[in-house]
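**Q** Make a model of this:
(chains A, B and C)
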Amino acid sequence: MSTRDWILHVDLDQFIAAVELLRHPELRGKPVVVGGSGDPTQPRTVAATATYEAREHGIHSGMPLRTALRRCPDAVFLPTDPPAYEAASARVMATLREFPVRVEVWGWDEAFIGATTDDPEALAARLQQAVHARTRLTCSVGIGDNKHQAKLASGYAKPAGIHRLTSDTWAQTMNARPTDALWGIGARTARKLADLGYHTVAELAAADPAHLAAHFGPTNGPWYRYLALGKGEAEVVTTPWIARGHSRETTFQHDLTDPADIARHITDLARHVAQDAAEAGREIIRVSVKVRFTPFLTRTRQSKLPAPTTDPATITRAAHAILGRFDLNRPVRLLGVSVDYTMPDQPAEEVTPPD
DNA sequence: TCTGGGGTCCTAGGACCC
DNA sequence: TCTGGGGTCCTAGGACCC
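**A** Model prediction:
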């Protein structure tokens, strides 16, 4: 076998549930649901994850906790604990970085690995062993020529397995599958594609790019066909990601109707976001406000600031001005404030003239 | 099954300018 | 004035992902 470059996708199995079961070994084998503050009677709270035993009762992530409770009154409900997942994730990523590979972190429970080897399966097995030895967590590993293939391959590898999906095996594996099996095509786009006669990956791969562009735009349309052909990004970026923006939002258990109440929450959210930005050392160039009315109508308004700033008072004032542009006649179930950061490579304005 | 929170990127349309 | 055509910036919304 010859040495060449590979992309591996490491996906931790049932990450949040697995971390919780390590802390609560007595719950192993029981239906466990993690979400919100762990109180299944709270409205407007959904499951972050559910163990296999809970899934057998029809419970899945995204399901309202009250529904989960109805489906399985005996389930154990736990609150989410982001710092614990953060810590576990950091240990996994540090373990991966000990190998002679390039590591691109992709969220809490995933990473892409760029490696040069003649035996990617052997490398995958060593990664799995190291992660398990260090953290007691299991992971699935997909092997591909690019990120798209490796990502789908790790899905086939679950749980705790290794699977290879390359350009050589792409067509036989994927051609008969529905288009939403592709990474980047969801339910909405799959339905639109089906309406146009593209039901399978093979049909999408054979589509006319111009026809797709006419329906999905000049970038997205041709991109969908590209995905159906098994292509994708093959570059592993090891430099830390620079966030484009940041946001905070809250769904209220009981609707807000009092304007003063709404304004107070906007103040809190804006201050929070401004503080986060300050801690991250980032300047803000745009502020957005999100309002979700009952039953579930979401609207956003935004405005660009005259100049980048880190000043909390400026951010808060901007958020209130934007809030003033909403019609607040209906009850409000969610408020959010988000900001865009200035990016390092695009300084906001003027260049200092030379002396 | 009354539907979280935090992100990223793309598109369409209007304003404005030459 | 019955109006052209391109370029850029800004905003609102949609889709997708973890």
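**Q** how's chain A carved up into domains?
**A** Using automatic domain parsing, the domain ranges for chain A come out as A:1-174, A:179-228, A:245-341.
**Q** Kindly reformat the ones you listed as CSV and extend each row with distance to residue A:236 and mean pLDDT.
**A** Quick note: C-beta positions are derived from backbone N, CA and C, even for glycine. Putting the domains of chain A into CSV (distance: least, Cβ to Cβ, whole Å; pLDDT from 0 to 100) gives the following:
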stretch, distance to residue A:236, mean pLDDT
domain A:1-174, 3, 96
domain A:179-228, 16, 95
domain A:245-341, 24, 97
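**Q** could you dump those domains to TSV with mean neighbour count and distance to residue A:238?
**A** Listed next are the domains of chain A as TSV, based on neighbours: other Cβ atoms under 10 Å; distance: least, Cβ to Cβ, whole Å:
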stretch	mean neighbour count	distance to residue A:238
domain A:1-174	18	5
domain A:179-228	17	21
domain A:245-341	16	20
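**Q** Skipping adjacent residues, who's closest to residue A:321 in space?
**A** residue A:303 (7.3 Å; Cβ to Cβ, 6 or more residues apart in numbering).
**Q** tell me what the host helix or strand of that neighbour is packed against?
**A** Secondary structure assignment for residue A:303, by DSSP states H and E: strand A:297-309. Here strand A:297-309 touches strand A:284-293, helix A:312-323, going by 3 or more Cβ pairs under 8 Å, 6 or more residues apart in numbering; DSSP states H and E.
**Q** Look up how far residue A:5 lies from the residue in the stretch 251-355 of chain A that DNA strand C sits nearest to.
**A** Nearest to DNA strand C in the stretch 251-355 of chain A, going by Cβ to the nearest atom of the strand, is residue A:304, at a distance of 3.5 Å. Here residue A:304 is placed at a distance of 42 Å from residue A:5 (Cβ to Cβ, to the nearest Å).
**Q** now do residue A:204
**A** Distance from residue A:204 to residue A:5, by Cβ to Cβ: 27 Å.
**Q** for residue A:166, same thing?
**A** In terms of Cβ to Cβ, residue A:166 sits 12 Å off from residue A:5.
**Q** shared neighbours of these two, anything?
**A** With Cβ atoms under 8 Å, 6 or more residues apart in numbering applied, the contact sets of residue A:166 and residue A:5 do not overlap.
**Q** what sits against the closest residue to residue A:72 other than its chain neighbours?
**A** In this structure, residue A:72 finds its nearest non-sequential neighbour in residue A:57, 3.9 Å apart by Cβ to Cβ, 6+ apart. Residue A:57 makes contact with A:31, A:68, A:71-72, A:75, according to Cβ under 8 Å, 6+ apart.
**Q** Likewise for residue A:276?
**A** Taking Cβ under 8 Å, 6+ apart, we find residue A:276 in contact with A:246, A:248.
**Q** which stretch of helix or strand covers it?
**A** Counting by DSSP H and E, residue A:276 is found in helix A:259-280.
**Q** Show me how far that helix is from its chain's centre.
**A** 23 Å (Cα atoms, centre = their mean, to the nearest Å).
**Q** That helix vs strand A:284-293, what angle?
**A** On the basis of axes from the mean of the first three to the mean of the last three Cα atoms, to 10 degrees, helix A:259-280 is oriented at 140 degrees to strand A:284-293.
**Q** what's the angle between helix A:259-280 and helix A:312-323?
**A** With the same axes, to 10 degrees applied, the angle from helix A:259-280 to helix A:312-323 works out at 140 degrees.
**Q** For helix A:259-280, output the C-alpha coordinates as PDB.
**A** The C-alpha trace of helix A:259-280 is given here as PDB (Å, rounded to 0.1, in the frame of the first residue of the first chain):
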ATOM      1  CA  PRO A 259     -42.700  46.900  27.100                       C
ATOM      2  CA  ALA A 260     -40.600  47.800  30.100                       C
ATOM      3  CA  ASP A 261     -40.000  44.200  30.800                       C
ATOM      4  CA  ILE A 262     -39.000  43.600  27.200                       C
ATOM      5  CA  ALA A 263     -36.600  46.600  27.300                       C
ATOM      6  CA  ARG A 264     -35.100  45.300  30.500                       C
ATOM      7  CA  HIS A 265     -34.300  42.000  29.000                       C
ATOM      8  CA  ILE A 266     -32.800  43.600  25.900                       C
ATOM      9  CA  THR A 267     -30.500  45.600  28.200                       C
ATOM     10  CA  ASP A 268     -29.400  42.400  30.000                       C
ATOM     11  CA  LEU A 269     -28.700  40.600  26.700                       C
ATOM     12  CA  ALA A 270     -26.900  43.500  25.200                       C
ATOM     13  CA  ARG A 271     -24.700  43.900  28.200                       C
ATOM     14  CA  HIS A 272     -24.000  40.200  28.200                       C
ATOM     15  CA  VAL A 273     -23.000  40.200  24.600                       C
ATOM     16  CA  ALA A 274     -20.800  43.300  25.000                       C
ATOM     17  CA  GLN A 275     -19.000  41.700  28.000                       C
ATOM     18  CA  ASP A 276     -18.400  38.500  26.000                       C
ATOM     19  CA  ALA A 277     -16.900  40.600  23.200                       C
ATOM     20  CA  ALA A 278     -14.700  42.500  25.600                       C
ATOM     21  CA  GLU A 279     -13.500  39.200  27.100                       C
ATOM     22  CA  ALA A 280     -12.700  37.900  23.600                       C
END
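**Q** and the stretch 201-350 of chain A, which residues reach DNA strand B?
**A** A:216-221, A:241, A:243-251, A:276, A:295-296, A:334, A:336, A:338 (Cβ under 7 Å from any atom of the strand).
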